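**Student:** Sharing a sequence plus its predicted fold:
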Amino acid sequence: LTFHQAVYVGSPYLVEDKNMAASLRLGHRVILNGLRLIQVNKSTGITNNHGHYRHMFKSPSLFGADPLKVMMPALSPTMEEGNIVKWLKKEGEMVQAGDALCEIETDKAVVTLDSNEDGILAKILMEEGSQGVRLGALIALMVEEGEDWKQVKIPAAEGPPVAPGPIPTPAPSSPAGTVLPNLHRLDTPVSSDPPRLSPAARHILSTHGLDPRQATASGPRSIITKEDALNLLKQMEAKGLTAPRAAQTSPASPQPPPAAPQPPPATPASVRPAQPPVSIPGKPGALGTFTEIPASNMRRVIAKRLTESKSTIPHAYATIDCDLGAVLQLRKEMAKDEIKVSVNDFIIKAAAVTIKELPEVNVTWSEEGPKALDTIHISIAVATDRGLITPIIRDAAHKGVQEISANAKALAQKARDGKLLPEEYQGGSFSISNLGMFGISGFSAVINPPQACILAVGRARAELTPSLDHEDNPRVQQQQLITVTLSSDGRLVDDLLASEFLDRFRANLERPQRMALA
């Protein structure tokens, strides 16, 4: 804006001197205002990712900084949701690519989520302890370095659409001026946001026909928990407004509730209710009640895979007894040299060597058919508080018993601590489950798909067996025997191949020097 332009704007008609003076003053004010506006624009302009400028009316102080979204990733092939265990960064803290952001409990273990971007952690949307966070859900927001993280723009919450509720049908015979009671009406205001329910809360509310929008959410991110549903149920019972499910869906007009809640009619002991009532914490459970037990992600995946295995894989079983005399003697000799190994370490080595001798067993089943594997990775079952997990000892056939023992101890400890990495429990070719330390004589294990076999190992026991001495005279000797059962996929391993595998496995275990030569 030039001086002459300002003069022209201020005074388009210059006729008299007094008008000229007034227009000059007006033009001077316009020039100053224009300079101030240019300075503000220069001071507030920042460069975003595309190289454009934000001006004063789009500055972060007014509309917030553009965030970098941190989503819940898929940290295992079977993961459908995860739990936020712990945040390793705080809001406002600098983050570099590769830094650990948080710990997430998957269906297998607790995995660390690393950042892929440089920036500042601006907002944590899923606090520590958040359960059942679906894949792709927004868990945190970051901003680029130099932006004001306190002014980050939080995206609007996206939830599933809520189905419209049933339209109440007015009673045709009700007199004018009479208002029928609403069975699910409370004084609490109803929120317009879609309700978020835990599985237990959804079951309680649907069982008693309660509107979830009437409950007061106390869980993270406004999730209605089981306690919230029970509190709503207590309020409804106190006001005498509860109604059975049939009263909601019946096309007939609703009837006024009785003055006092009537006890349910007594049912014969032989008749089991179709849906038992939910027990209330702190009160003794009545006959037929139950208590909801929350299932972890790992428990859900275990249940799904076991059901899939038993329903889709034709299991075949074969059992054999093995003598541990030579293994126990070798353990004593190694202990003198302060080398501590377990019987299970010898079993892992014997299974790996046997698979090397019989590569036909080292196969998996896929939609295209059998697939032969080039590597021998032994999965060992480890019991944890969250469920059973199978870390992998890789290339077990090429490792010594002492190295196998060290690997097994380290993997078992990481499994109990929930610190296994995905590559440490994915990709096994053969599984071993040993319950001998729990006093189990023998059992049959369920195949871990897509593997073809799993070996179940029982406890060692002393037995007297007849035999011949060096002069072929009959005698009775004591043996330390264990029972092993091979569960095999009948589509891949037939009975003859399973029998041959067990026979060679017994030979390798009863003569440990054979394994060293192999």
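**Tutor:** Looks like it arrived, so ask away. All values derive from a computational prediction rather than experimental measurement.

**Student:** What sits closest to residue 381 if chain neighbours are left out?
**Tutor:** Spatially, and ignoring its direct neighbours in sequence, residue 381 is nearest to residue 433 (4.1 Å; Cβ to Cβ, 6 or more residues apart in numbering). The C-beta positions use only the backbone N, C-alpha and C, and glycine is treated the same way.

**Student:** So the one you found is in contact with residue 458, correct?
**Tutor:** No: Residue 433 sits out of contact with residue 458 when judged by Cβ atoms under 8 Å, with a separation of 10.3 Å.

**Student:** burial measure for residue 366, as a count.
**Tutor:** Residue crowding around residue 366 was assessed by other Cβ atoms under 10 Å; the count is 9.

**Student:** typed the wrong thing, it's residue 444
**Tutor:** Tallying neighbours of residue 444 according to other Cβ under 10 Å, which is how burial is gauged here, yields 14.

**Student:** Do I have it right that it meets residue 317?
**Tutor:** Yes: with contact defined as Cβ under 8 Å, residue 444 reaches residue 317; the gap is 5.3 Å.

**Student:** Mutual contacts of the two, please.
**Tutor:** When contacts are counted by Cβ atoms under 8 Å, 6 or more residues apart in numbering, residue 444 and residue 317 have 485, 487 as shared neighbours.

**Student:** where does the protein have low pLDDT?
**Tutor:** In the predicted model, the chain carries pLDDT under 70 at residues 1-65, 157-194, 240-288, 516-518.

**Student:** any idea which residue sits dead centre in the protein?
**Tutor:** With distances taken as Cα atoms, centre = their mean, residue 82 lies nearest the centre of the chain, 3.2 Å away.

**Student:** isn't there a strand covering that one?
**Tutor:** Yes: when DSSP: H, G, I helix; E, B strand; the rest coil is applied, residue 82 is found to be in a strand.

**Student:** Return the distance of stretch 299-315 from the chain's centre.
**Tutor:** On the basis of Cα atoms, centre = their mean, to the nearest Å, stretch 299-315 is displaced by 18 Å from the centre of the chain it belongs to.

**Student:** how about it as CSV, C-alpha atoms only?
**Tutor:** What follows is stretch 299-315, C-alpha atoms only, in CSV (Å, rounded to 0.1, in the frame of the first residue of the first chain):
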residue,chain,number,x,y,z
ARG,A,299,-6.6,-66.6,26.6
ARG,A,300,-8.9,-65.7,23.7
VAL,A,301,-6.3,-66.6,21.1
ILE,A,302,-5.5,-69.9,22.8
ALA,A,303,-9.2,-70.8,22.9
LYS,A,304,-9.6,-69.9,19.2
ARG,A,305,-6.5,-71.8,18.1
LEU,A,306,-7.3,-74.9,20.2
THR,A,307,-10.8,-75.0,18.8
GLU,A,308,-9.5,-74.6,15.3
SER,A,309,-6.9,-77.4,15.8
LYS,A,310,-9.3,-80.0,17.3
SER,A,311,-12.0,-79.2,14.7
THR,A,312,-9.9,-79.0,11.5
ILE,A,313,-6.9,-81.3,12.1
PRO,A,314,-7.3,-85.1,12.2
HIS,A,315,-5.3,-86.0,15.3
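
**Student:** Tell me which residues touch the closest residue to residue 376 other than its chain neighbours, please.
**Tutor:** The shortest distance from residue 376 to any non-neighbouring residue, by Cβ to Cβ, 6+ apart, is to residue 397 (4.6 Å). The neighbours of residue 397, taking Cβ under 8 Å, 6+ apart as the test, are 352-353, 355-356, 376, 518.

**Student:** biggest separation within the residues you listed, which pair?
**Tutor:** With Cβ to Cβ as the measure, no two of the contacts of residue 397 lie farther apart than 376 and 518, at 11.8 Å.

**Student:** where's the closest residue to residue 453 other than its chain neighbours, which helix or strand?
**Tutor:** In space, and not counting its chain neighbours, residue 453 is closest to residue 488: 4.8 Å by Cβ to Cβ, 6+ apart. Assigned by DSSP states H and E, residue 488 belongs to strand 474-489.

**Student:** try residue 409
**Tutor:** Using DSSP H and E, residue 409 falls within helix 401-417.

**Student:** other SSEs contacting that helix?
**Tutor:** Here helix 401-417 touches helix 343-357, strand 378-380, strand 382-384, strand 392-393, going by 3 or more Cβ pairs under 8 Å, 6 or more residues apart in numbering; DSSP states H and E.

**Student:** that older thread, helix, strand or coil for the residue nearest to residue 376?
**Tutor:** With three-state DSSP as the basis, residue 397 sits in helix.

**Student:** gap between it and residue 375?
**Tutor:** Residue 397 is 9 Å from residue 375, where distance means Cβ to Cβ, to the nearest Å.

**Student:** do residue 428 as well
**Tutor:** Counting by Cβ to Cβ, the separation of residue 428 from residue 375 is 10 Å.

**Student:** Which of the two has more residues huddled nearby?
**Tutor:** With other Cβ under 10 Å as the criterion, residue 428 and residue 375 differ in neighbour count, and residue 428 comes out ahead with 23 against 13.

**Student:** The more buried one belongs to a helix?
**Tutor:** No: residue state for residue 428 (three-state DSSP) corresponds to coil; a helix is not indicated.

**Student:** For the residue nearest to residue 453, the count of nearby residues, please.
**Tutor:** Using other Cβ under 10 Å, residue 488 has 26 neighbouring residues.

**Student:** What residues of the helix or strand residue 235 falls within count as buried?
**Tutor:** Using DSSP H and E, residue 235 sits in helix 226-239. Residues of helix 226-239 classed as buried by neighbour count (16 or more other Cβ atoms under 10 Å): 226, 228-230, 232-233, 235-236.

**Student:** Now render these as TSV, adding distance to residue 302.
**Tutor:** What follows is these, written out as TSV (distance: Cβ to Cβ, whole Å):
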residue	distance to residue 302
226	23
228	29
229	27
230	29
232	33
233	32
235	38
236	37
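
**Student:** from these, which single one is nearest residue 476?
**Tutor:** Compare each of these with residue 476 using Cβ to Cβ and the shortest gap goes to residue 226, at 62.5 Å.

**Student:** where's residue 461 relative to residue 196, distance?
**Tutor:** Counting by Cβ to Cβ, the gap between residue 461 and residue 196 amounts to 54 Å.

**Student:** If you count surrounding residues, which of these two has more?
**Tutor:** In this view residue 461 and residue 196 are compared by other Cβ under 10 Å, and residue 196 has more residues nearby, 19 against 15.

**Student:** For the closest residue to the more buried one other than its chain neighbours, grab the count of nearby residues.
**Tutor:** Across the structure, with Cβ to Cβ, 6+ apart as the measure, the residue nearest residue 196 apart from its sequence neighbours is residue 223 (4.6 Å). Neighbours of residue 223 under the rule other Cβ under 10 Å: 17.

**Student:** same question, residue 219
**Tutor:** Residue 219 sits with 18 neighbouring residues when counted by other Cβ under 10 Å.

**Student:** All good on my end, thank you.
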